[in-house]
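Engineer: here is my input, please return the structure:
(one chain, ligands or ions: 1)
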Amino acid sequence: MKNFLIIEDELRTAQSLKKGLLEHHYEVELAADGETGLALLKQNEYELIILDVMLPKMDGWEILQEIRAQGRQTPVLMLTALSDIKDRVRGLQAGADDYLAKPFAFSEFLARVEAILRRTRPNVPKETLSVGDLSINLTQQSVRRNGQAIELSPKEFQLLCMLMENAGRFVSRKELVARVWNIHFDCETNVVDVAIRRLRQKIDEGFATRLIKTVRGVGYVLDQNPSA
Ligand code: CA
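Structural biologist: Modelled structure (predicted):
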């Protein structure tokens with residue numbers, strides 16, 4: 001699957017969009033007219049089609065209609081020189097996912113494109129979480145602080161994950177016990193405090209900033225603000 005198909009007859013615009021997208025590590029193919037674009041769509045899957053309205057032979061509306069008539073649900077961002085609200089409505093009714101009036105800054109174009117990708121890409125869970133110089137890789141179950149690898153037990157890793165997912169927010173002992181130890185009733189246990197103490201020795205000792213803080217009577221918070 002390639003990222004983008006750009007159907008645009010103005011070579012300068014097409015090339016500059018392609019160049020900008022390549023710099024952001026996206027794969028791009030160009031088509032200068034609708035027929036070429038539709039032919040490429042038969043051969044490849046794309047994440048997003050960037051479609052100019054003013055094109056020779058078939059215009060953007062006809063191409064969009066044809067794409068949808070073929071049953072393709074690929075998201076489409078329409079580009080046009082016309083900034084009329086009626087065209088915007090027409091584009092969205094015809095099955096475009098968004099509409100951008102020329103001229104536009106590349107940064108605006110990129111923001112629109114990435115917003116569409118966020119909406120349409122399946123929700124892939126994040127692979128890494130980081131707070132300050134501490135980062136964890138959820139797939140490899142590895143932890144690094146300031147570039148240095150840190151070994152954690154599975155429970156300590158789960159505990160750290162939960163604190164990192166909630167960075168900046170208090171997490172109660174009860175929540176930690178429920179999630180990490182799967183204990184769902186009130187119990188007088190210091191299991192969390194003991195595990196936190198070990199976790200602190202591994203991730204905080206010897207570093208300038210303490211990341212795990214105790215909130216007396218509540219639980220714990222992980223953040224990179226200087227300790228009070
Ligand atoms: Ca054009």
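Engineer: how about stretch 69-78: buried residues?
Structural biologist: Neighbour counts using 16 or more other Cβ atoms under 10 Å place 72, 74, 75, 76, 77, 78 of stretch 69-78 among the buried residues. Quick note: C-beta positions are derived from backbone N, CA and C, even for glycine.
Engineer: figure out the helix or strand that the nearest residue to residue 92 once chain neighbours are set aside lives in.
Structural biologist: Counting by Cβ to Cβ, 6 or more residues apart in numbering, residue 92 lies nearest to residue 99, which is 6.6 Å off, once chain neighbours are set aside. Applying DSSP states H and E as the criterion places residue 99 in strand 98-101.
Engineer: what is the subsequent helix or strand relative to that strand?
Structural biologist: Per DSSP H and E, strand 98-101 leads on to helix 106-120 as the next helix or strand towards the C-terminus.
Engineer: what's in contact with that following helix?
Structural biologist: 4, 16-17, 20-21, 24, 47-48, 50, 75, 77, 97-98, 100 (Cβ atoms under 8 Å, 6 or more residues apart in numbering).
Engineer: would you mind giving those residues as a markdown table with pLDDT added?
Structural biologist: Listed next are the contacts of helix 106-120 as a markdown table, based on pLDDT from 0 to 100:
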| residue | pLDDT |
| --- | --- |
| 4 | 96 |
| 16 | 96 |
| 17 | 97 |
| 20 | 94 |
| 21 | 94 |
| 24 | 87 |
| 47 | 93 |
| 48 | 96 |
| 50 | 97 |
| 75 | 94 |
| 77 | 94 |
| 97 | 88 |
| 98 | 86 |
| 100 | 89 |
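Engineer: so which of those sit within helices?
Structural biologist: Judged by DSSP state H, helices contain the following of the contacts of helix 106-120: 16, 17, 20, 21.
Engineer: and the residue nearest to the third one when sequence neighbours are not counted, what's its pLDDT?
Structural biologist: By that I understand residue 20. The shortest distance from residue 20 to any residue other than its chain neighbours is 4.7 Å, reached at residue 106 (Cβ to Cβ, 6+ apart). According to the prediction, residue 106 has pLDDT 94.
Engineer: quick one: residue 106 from the ion, how far?
Structural biologist: Going from residue 106 to the ion by Cβ to the ion, to the nearest Å gives 17 Å.
Engineer: can you get me a residue count around that residue?
Structural biologist: By other Cβ atoms under 10 Å, the residues close to residue 106 number 14.
Engineer: residues contacting the residue nearest to residue 7 when sequence neighbours are not counted?
Structural biologist: Excluding the flanking residues, the one nearest residue 7 by Cβ to Cβ, 6+ apart is residue 37, at 3.9 Å. Neighbouring residues of residue 37 by Cβ under 8 Å, 6+ apart: 5, 7, 31, 49, 51, 63.
Engineer: before we move on, what about residue 39?
Structural biologist: residue 31.
Engineer: thought residue 209 was touching residue 222?
Structural biologist: No: assessed by Cβ atoms under 8 Å, residue 209 is found out of contact with residue 222, at 11.1 Å.
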